[in-house]
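[1] Predicted model, plus sequence, below.
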Amino acid sequence: MTAQTIDTLHGVRVLRCAPDGPLLDGESAALDLIGDAYGHDVQLVALPVERIADDFFRLRSGVAGAVVQKFVSYRLRLAVLGDISGHVATSTALRDFVYECNQGRQLWFLADAAELDTRLRG
């Protein structure tokens, strides 16, 4: 098992995942991550972009939709931390998806932990 930490940021319990764990590559991996989150009674999972499978960023694959639906179903928030500019540069649909997600509260694509802190503070 990889190192994880639990933090409380501005009243929100956050599971911070290490960059060297299993890839988030579909529903099964999402359920494993959700199980970890529920075991620690957190409201938000902060996952480094290194842990996101490339298929997640290809919206046609359906991976992002399946993963987001699982997180919504379990009332758990997800923040992807890291640089996704390479993926966004190659897909207008992904760019629009990221923009829309960042307007809401369920799924965020953020540069780093400092940006997560700022989002939760606001």
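    Thanks, I have the structure now. In this text, all values refer to a predicted model and were calculated from it rather than measured experimentally.

[2] gap between stretch 7-14 and the chain center?
    15 Å (C-alpha atoms, centre = their mean, to the nearest Å).

[3] typed the wrong thing, it's stretch 55-71
    Averaging C-alpha positions (C-alpha atoms, centre = their mean) puts stretch 55-71 11 Å from its chain's average.

[4] Kindly report the same for stretch 62-73.
    10 Å.

[5] now do stretch 36-48
    Centroid separation between stretch 36-48 and its chain, computed with C-alpha atoms, centre = their mean, is 10 Å.

[6] pLDDT on that stretch, on average?
    Stretch 36-48 shows an average pLDDT of 97 in the prediction.

[7] residues in contact with that stretch?
    Around stretch 36-48, the neighbours that count as contacts under C-beta atoms under 8 Å, 6 or more residues apart in numbering are 4, 6, 12-19, 24, 33-34, 71, 74, 76-82, 113, 116, 120. Yep, even glycine has a C-beta here, placed from its N, CA and C like the rest.

[8] I'd like to know how many residues surround the nearest residue to Tyr74 once chain neighbours are set aside.
    Distances taken as C-beta to C-beta, 6 or more residues apart in numbering place Ile34 nearest to Tyr74, at 5.0 Å, with adjacent residues excluded. Here the number of neighbours of Ile34 (other C-beta atoms under 10 Å) works out to 19.

[9] Secondary structure class of Ile34, three-state.
    Following DSSP: H, G, I helix; E, B strand; the rest coil, Ile34 is assigned to helix.

[10] And it, how far from Ala93?
    The span separating Ile34 from Ala93 equals 26 Å under the rule C-beta to C-beta, to the nearest Å.

[11] Now, of the contacts of stretch 36-48, which are buried?
    In terms of neighbour count (16 or more other C-beta atoms under 10 Å), the buried residues within these are 4, 14-17, 24, 33-34, 71, 76-82, 113, 116, 120.

[12] end to end, how far does stretch 4-15 reach?
    Stretch 4-15 stretches 7 Å from its first residue to its last (C-alpha to C-alpha, to the nearest Å).

[13] Select from the buried ones among the contacts of stretch 36-48 every entry located in strands.
    Assigned to strands by DSSP state E, the following of those qualify: Gln4, Val14, Leu15, Arg16, Cys17, Arg77, Leu78, Ala79, Val80, Leu81.
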